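1. build me a structure from this.
(4 chains)
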Number of protein chains: 4
Amino acid sequence: MTDAPPAGGPGDLARLTALIREFSRERDWEQFHDPKSLVLALVGEVGELAELVQWLPAGDAVAHFADPDRHRRAGEEIADVLVYLLRLADVLGVDVLQATLDKQAEARRRFPVDDVHGVAPRKE
Amino acid sequence: MTDAPPAGGPGDLARLTALIREFSRERDWEQFHDPKSLVLALVGEVGELAELVQWLPAGDAVAHFADPDRHRRAGEEIADVLVYLLRLADVLGVDVLQATLDKQAEARRRFPVDDVHGVAPRKE
Amino acid sequence: MTDAPPAGGPGDLARLTALIREFSRERDWEQFHDPKSLVLALVGEVGELAELVQWLPAGDAVAHFADPDRHRRAGEEIADVLVYLLRLADVLGVDVLQATLDKQAEARRRFPVDDVHGVAPRKE
Amino acid sequence: MTDAPPAGGPGDLARLTALIREFSRERDWEQFHDPKSLVLALVGEVGELAELVQWLPAGDAVAHFADPDRHRRAGEEIADVLVYLLRLADVLGVDVLQATLDKQAEARRRFPVDDVHGVAPRKE
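-> So this is what the prediction gives:
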């Protein structure tokens, strides 16, 4: 186990990825981490995130999570999703940072500000 | 849009979060980004990730994504999930890096290596 | 394929289950229908359902789907989810009708009208 | 509350739908059942279904659920998904039976047996 926790800084995604990989390896859990199983585990955590917000009035949701316990709870569920997402990327050899920068660059080209200002990109 | 990649300074997660926030603000899309809508958008992207793996033989999935086009495609879908996850954390004021480090520390306490070595933590 | 709709006889759920099983068998697709793959396929369809509603103002969503094309589209996505849910139940030998009646009976015991009237059962 | 539970037979989807609507109305929970909230609740239940299968070896999953307790548990989670799916269809005025029959008919046209025999329809 890494003694020093990663501090924020360039490379924190790579460091989280390494931390989670080490956690899995120490427990001999890498054998369970094929892509299909990891996507299912991700779905389980997304389900818990959905449960936190499902019955909230849409306009009150941010205020609802101002409560410290609920705020911490939301952080935990978001973290659980991130853990499986980074584990999946690791198993597939995906560079998450680069992939996300690329996707953002593409989104900027695809949705020019003047075309989509204030308009939700609905799929119909 | 930030042109130069940061040297030192904010971490990857903070940097991506700021980039996505800026993207949303420029398009006046922040109005759509309440927590329930963002979780639903996340679910949409998780669905696309699931579609990439659903019919693969479990043991062949990693090899399947060695193909460059499939590898790029997987990276794009993982990035799409991360974008909405970071946007949600931003809207809720969650520090994703800290929340994930805390969750990993808790997981290490909760699943001692000697107790769980090689045993998948099934929910039944 | 069954041409005539049943008069009396098996219920809708049993009939749909048989129809979907036959569809799978004719295409030799039963080999792909292990439980994990079916749950992933279900997730893919739930993602498409989420995409239909994600950016709608919460209060306008029902009116939004009054439009005939959107109404048909919503029906198609709901049907896609049902197809994989029934296929999964079939593969696991679950009697969906009975399981749902049992679950409703339990819900009526667990949430007595006087205790929960007008109160959303939030998970916190 | 309906005294007589629906027996299997034509109309069992309509009868389940009515039972769930009545359950919601008695508790004054219809106010929470806008489409976005219902899709999120569905996602929560799909997450629980995913958790049941996520770490199983793909080939052992059906055998795993032969155990009576696990079989019952799988039935409960499938039922929970169906409940929210039928509630959503009800709120949107979708005839689930007809929509599913239509979708199956379309799938039969779209995937002719001779073209797709034994070939999983991968999305790439």
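
2. now the spatially most central residue of chain A: which helix or strand?
-> By Cα atoms, centre = their mean, chain A has its centre lying nearest to residue A:82, at 3.3 Å. Assignment of secondary structure by DSSP states H and E places residue A:82 within helix A:68-92.

3. wait, the residue nearest to the centre of chain A touches residue B:85, no?
-> Yes: the criterion here is Cβ atoms under 8 Å, and residue A:82 meets it with residue B:85 at 6.2 Å. (C-beta placed from N, C-alpha, C; glycine too.)

4. overlap in contacts, the two.
-> Common contacts of residue A:82 and residue B:85, defined by Cβ atoms under 8 Å, 6 or more residues apart in numbering or on different chains, comprise residue B:96.

5. need the pLDDT of the residue nearest to the centre of chain A.
-> Residue A:82 is assigned 98 on the pLDDT scale.

6. how about it: what's its closest non-neighbour residue?
-> residue B:100 (5.4 Å; Cβ to Cβ, 6 or more residues apart in numbering or on different chains).

7. for the helix or strand the one you found falls within, buried residues please.
-> Using DSSP H and E, the element containing residue B:100 is helix B:96-110. Under the neighbour-count criterion of 16 or more other Cβ atoms under 10 Å in any protein chain shown, helix B:96-110 has B:96, B:97, B:99, B:100, B:101, B:102, B:103, B:104, B:107, B:108 buried.

8. got the residues of chain A near chain D?
-> A:32, A:36-37, A:40-41, A:43-48, A:50-51, A:53-55, A:58 (Cβ under 8 Å from any Cβ of the partner chain).

9. ok, now with 7 Å
-> Contact residues (Cβ under 7 Å from any Cβ of the partner chain) of chain A with chain D: A:32, A:37, A:40-41, A:43-44, A:46-48, A:50-51, A:53-55.

10. from these, pick the one nearest residue D:21.
-> Comparing the residues of chain A next to chain D against residue D:21 with Cβ to Cβ places residue A:55 closest, at 17.3 Å.

11. next one: phi and psi at that closest one?
-> Main-chain torsions, residue A:55, degrees, to the nearest 10: phi -100, psi 10.

12. ok, it - how many residues close by?
-> As a burial measure, residue A:55 scores 20 neighbours (other Cβ atoms under 10 Å in any protein chain shown).

13. cool, and residue A:34?
-> Neighbour number of residue A:34 under other Cβ under 10 Å is 23.

14. could you measure from the closest residue to residue A:40 other than its chain neighbours over to residue C:51?
-> In this structure, residue A:40 finds its nearest non-sequential neighbour in residue D:54, 3.9 Å apart by Cβ to Cβ, 6+ apart. Per Cβ to Cβ, to the nearest Å, residue D:54 is found 24 Å from residue C:51.

15. before we move on, the earlier item: make JSON lines out of the buried residues of helix B:96-110 and add pLDDT.
-> Below are the buried residues of helix B:96-110 laid out as JSON lines (pLDDT from 0 to 100):
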{"residue": "B:96", "pLDDT": "96"}
{"residue": "B:97", "pLDDT": "96"}
{"residue": "B:99", "pLDDT": "97"}
{"residue": "B:100", "pLDDT": "97"}
{"residue": "B:101", "pLDDT": "96"}
{"residue": "B:102", "pLDDT": "97"}
{"residue": "B:103", "pLDDT": "96"}
{"residue": "B:104", "pLDDT": "96"}
{"residue": "B:107", "pLDDT": "96"}
{"residue": "B:108", "pLDDT": "96"}
